[in-house]
Every structure is written in C-alpha cells, then in structure tokens.
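Q: here is my input, please return the structure:
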Amino acid sequence: MKVLEKKIAVITGAGSGIGEATAHRLAEEGAAVVIADLDGEAAHRVAVAIAARDGQAIAIRTDIADEAQIRAMTEAARQRFGGIDLLFNNAAVTSAAHFARDLDVIQMDVETWDRTMNINVRGAMLCCKYAIPQMLERGGGAVINMASGLGLFGDLTRTAYGTSKAALIGLTRFIATQYGKQGVRANTIAAGLIGTDAVKTNLSRQELDFLLEHQLSPSLGEPSDIAATVVFLASDAGRFITGQTIPVDGGFSAHVPQYADVARMIAQSSAA
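A: Coordinates of the predicted model:
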C-alpha cells in the first residue's frame, strides 16, 4: 500500500518548482492532490501530467491574497475528494522584481513589506483557517509550512521575506499547540539552496558557487528533496513529529559562520 493512499492534499504554489515536484510525489504515494496556483494554466498542466500517470488531481487557480479564493479552494477539495488531510503552504512571493525591492529596513518600501506579509504569512494562515476544520472532521491531518534558512538567520537584504518565514515558523508552533490533541500535526521545512528553475535562472554560476561554499553537501538541493520531506512528515512515519522546524539545507545551518573561510584557508595551506 502506498504511504498516502486515500489521503487528500492541498498544495499552494503547485504550478512549478518545489510545489510541482511535491504534487507529483504525493500523487505517486497515493494522495489525491489539489493543485493551487496563481498561474491557472501552470496548475492545469501539472494536474494533467498527474492524471496521465493514473494519479488524481484537480487544478484550481488561487490567489492566496484573496480570502474568498482560499475558501473556494478548500471547498473544491471537499466537493471533489471529500475533504483535506494535508495542507502544504508552499506559495510565496519570490519574483526577482519583488526581491529587488526587498532590501534593508531603511531602503525597503512599505508596499513591498505589506505584499510579502499579505501573501507569505496572511495567505498561509487563511489556508490553515479553512483547511484545518476539514482535517478535524476527518480525525486529524498535517500542515506543512514552507520556510527558509532566512527565517532562522539575519541577512543584509530580503528583510521582509526572511521575517515572513520566521513568522511561519511561529504560526506552525501555534497550530501544533492548538490542534495537536485533535490529531492535527504542524511542521515547518526550512529550505536551503534548492535548484529550482527560478534559482538557476536568477543566480549566476559565480553566485551559486559562493553559496555552495557555505553548505556541507557538495551539490544543490533539488525540489525532490523537499518533496520527500513533505511525504515523510505527512505520512504515519512522521506521526510523532509536530511543532518542529526541519532544515533541509545541505547542512547550511549546522556549522559555524566562518566555516567556508576556514576551509579555504586549510586548502590554501595544504597546497603551499
């Protein structure tokens, strides 16, 4: 039996990247999947691809900045499949144009801050608000929120993005605390450098190599690495894990800040 047989999953931002890879993996493990994305055509493409492999999926164009659309998304899950067992809050503002305005506190405009919080935090909260009641009706479920290493550490830029991911970590703990006794688990994935098409397009080879120096794994993470973690946390194998933040970052968060500099010094000394 597949580990998610007869489960119903809702994935936001599922039209590409991590969301798309996770949708395919959940379907392979037996789940019926609601593909929600602002890009309706991309969502449809993913749903069609899953159906072509004998999986179950529906596509719903959803703007998670709009509460009414979130409510409609969760109701579609109930009407088509019977309810919700898993919510993967993956959607976020990640465009290069938006990040270009997400600077340090002094230089960042308030509109950028508000849009980031509206989608990354408020949108995820509203998805929980409308999905969790269906989980409770079905005897429990799992919420998995997509965060980032920037939700754990400070940086020189992307202030709004990092703060929004820190807020998701806090939201996760509150959900785990409030609904744990009723069978709902909640966890956060703090992703490191994941080689999505967007990352490979927006970062130069020099930038990627620089970032790779600071992780312990020899290569970029892949969307499939996040998908595998979602499956684990959503399945019975993860039944005793809740309220936690799981780094999937190639060891980026496991070492001292000066790791890359020390490694470089040792290499130079050995070569001398």
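Q: what's the mean pLDDT across the biggest helix by length in the chain?
A: Across the chain, the longest stretch assigned as helix under DSSP state H is helix 159-179. Helix 159-179 shows an average pLDDT of 98 in the prediction.
Q: report the buried residues of it.
A: 159-169, 171-173, 175-176, 179 (16 or more other CB atoms under 10 Å). No exception for glycine: its C-beta is placed from N, CA and C like everyone else's.
Q: where along the protein do the helices fall?
A: Going by DSSP H, the chain shows helices at 17-28, 40-52, 67-81, 96-99, 110-117, 124-137, 159-179, 197-202, 205-212, 223-234, 259-271.
Q: which strands and helices sit next to the first one?
A: The one in question is helix 17-28. strand 8-12, strand 32-37, helix 40-52, strand 56-61, strand 86-89, helix 223-234 (3 or more CB pairs under 8 Å, 6 or more residues apart in numbering; DSSP states H and E).
Q: gap between the residue nearest to residue 197 when sequence neighbours are not counted and residue 201?
A: Using CB to CB, 6 or more residues apart in numbering and skipping the chain neighbours, the partner closest in space to residue 197 is residue 17 (6.6 Å). Using CB to CB, to the nearest Å, one obtains 11 Å as the distance from residue 17 to residue 201.
Q: more neighbours: the two, which one.
A: A direct count of neighbours by other CB atoms under 10 Å for residue 17 and residue 201 places residue 17 higher, at 19 against 8.
Q: which ones are touching that one?
A: Taking CB atoms under 8 Å, 6 or more residues apart in numbering, we find residue 17 in contact with 196-198, 223.
Q: just to revisit the earlier point, quick one: which of the helices of the chain is nearest residue 252?
A: Of all the helices of the chain, the one in closest proximity to residue 252, counting by CB to CB, is helix 205-212 (8.6 Å).
Q: what lies in contact with the closest one?
A: 193, 199-200, 203, 218-220.
Q: do that again at 10 Å, thanks
A: With CB atoms under 10 Å, 6 or more residues apart in numbering as the test, helix 205-212 has contacts from 192-193, 195, 199-200, 203-204, 218-220, 250, 252, 260.
Q: reformat the helices and strands packed on helix 17-28 as a markdown table; add distance to residue 135 and mean neighbour count.
A: Shown next, in a markdown table, are the helices and strands packed on helix 17-28 (distance: least, CB to CB, whole Å; neighbours: other CB atoms under 10 Å):
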| stretch | distance to residue 135 | mean neighbour count |
| --- | --- | --- |
| strand 8-12 | 10 | 28 |
| strand 32-37 | 14 | 29 |
| helix 40-52 | 22 | 18 |
| strand 56-61 | 18 | 22 |
| strand 86-89 | 8 | 29 |
| helix 223-234 | 11 | 22 |
